[in-house]
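Participant: Quick one, what's the 3D model for this:
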Amino acid sequence: MTTTLITGPTAGLGRQFALQLAARGHDLVLVARDENRLDELAVQLEAEFRVHCLFLVTDLSKTTQCRQVEKRVADRDRPIDWLVNNAGFGLGQPFTKTPLADEQRLIDVMVRAPMRLTHEALPGMIDRGFGRVIVVSSIAGWATRGTYSAAKAWATVFTESVSNDLIGTGVTMTALCPGFVRTEFHDRADLDMTSLPDQAWLDARRVVAKAIADADRGRVLSVPSLRYQTVGAVARVAPRRLVRRLSNFR
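Facilitator: As a prediction, this is how the structure comes out:
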């Protein structure tokens, strides 16, 4: 039986990962802060897909709590076959107006936690000759939108770098780099997205389905939709001065 650990599974892309991987028969370890939502999701998945769901009520920004998840990931007697580093959030204000504690929490959740969980997961995966690690990044990693963009840039390069070390091991890493996806994300960050045209939005189900398919194929970068593949390609070769100017919208 395949077991997957997902961080941030109670909404948005994380919830879609839980639904779609459960539909494939994966047992799940669900990691988030909201116990009520975790419990509801676990009950739903077990009833609908007849899989086993364990949930860990965890704030990944807290070192001691994160270490409990690390221990679960590293447990050789209960191996994790797929690791989905999805937990994250946005900040609604520029860096100079955001409390330092919020900036630090973003780094802890979106950089420190996936780095530590991946580091603990890989040795067992390599020994077993199989493993899939997905890191939810963003097209924002090729833009310049504060600490969020910086964290996503780290996520993408981290995935690309470690994937080089995994060649020939049977273990792969995939960075999912979507554009704007219809989830709770922007509302939670108190971001006004009403001016964004409908064509800019992606469907969460399709984004996750592509990420899972790309992970199965061993692709390092998963960029859903042709329009965002084009945006990403242009952003990576465009002069950084131009990228900074185009990123500076409010």
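Participant: Now do the SS call for Ile167.
Facilitator: With DSSP: H, G, I helix; E, B strand; the rest coil as the basis, Ile167 sits in coil.
Participant: what's the neighbour count on it?
Facilitator: By the other Cβ atoms under 10 Å criterion, the neighbourhood of Ile167 contains 9 residues. For glycine as for every other residue, the C-beta is placed from the backbone atoms N, C-alpha and C.
Participant: And the lowest mean pLDDT element among the helices and strands of the protein?
Facilitator: The least trusted helix or strand in the chain, going by mean pLDDT, DSSP states H and E, turns out to be helix 185-188, with a mean of 53.
Participant: quick one: contacts for the nearest residue to Leu60 once chain neighbours are set aside?
Facilitator: With sequence-adjacent residues excluded and distances taken as Cβ to Cβ, 6 or more residues apart in numbering, Leu60 is closest to Ala113, at 4.1 Å. Listed by Cβ atoms under 8 Å, 6 or more residues apart in numbering, the contact partners of Ala113 are 7, 60-61, 66, 69, 85, 87.
Participant: what does Ala215 give?
Facilitator: For Ala215, the contact set (Cβ under 8 Å, 6+ apart) comprises 82, 132, 134, 172, 174, 222.
Participant: where are the low-confidence patches of this protein?
Facilitator: Residues of the chain meeting the criterion pLDDT under 70: 182-201, 232, 234, 238, 243, 246, 248-250.
Participant: which stretches of it form helices?
Facilitator: Secondary structure of the chain by DSSP state H: the helices cover 12-23, 35-49, 63-74, 100-107, 113-128, 146-165, 185-188, 204-217, 226-237, 240-247.
Participant: just to revisit the earlier point, of the contacts of Ala215, closest to Trp142?
Facilitator: Ser222 (14.3 Å; Cβ to Cβ).
Participant: what is the closest one paired to in the beta sheet?
Facilitator: Beta bridges link Ser222 to Leu176, judged by DSSP bridges.
Participant: Quick check: it touching Thr172?
Facilitator: No. Using Cβ atoms under 8 Å, Ser222 is not in contact with Thr172, being 11.2 Å away.
Participant: What is the neighbour count of the closest residue to Arg33 other than its chain neighbours?
Facilitator: Setting aside the residues directly before and after it, Arg33 is nearest to Asp59 in space (Cβ to Cβ, 6+ apart), at 5.1 Å. Residues contacting Asp59 under the criterion other Cβ under 10 Å number 16.
Participant: Next, work out how far apart Asp59 and Asp75 are.
Facilitator: From Asp59 across to Asp75, the span is 21 Å (Cβ to Cβ, to the nearest Å).
Participant: and what of Gly168?
Facilitator: Going from Gly168 to Asp75 by Cβ to Cβ gives 25 Å.
Participant: higher neighbour count, the two?
Facilitator: Taking other Cβ under 10 Å, Gly168 and Asp75 do not tie; Asp75 has more neighbours (12 against 6).
Participant: on that earlier part again, check the contacts of Ala215 for burial and list the buried ones.
Facilitator: Neighbour counting by 16 or more other Cβ atoms under 10 Å classes 82, 132, 134, 172, 174, 222 among the contacts of Ala215 as buried.
Participant: Give me the buried stretch members for stretch 127-136, please.
Facilitator: Taking 16+ other Cβ under 10 Å as the criterion, stretch 127-136 shows 131-136 as buried.
Participant: again, but for stretch 112-123
Facilitator: Buried residues in stretch 112-123, counted by 16+ other Cβ under 10 Å: 112-118, 120-122.
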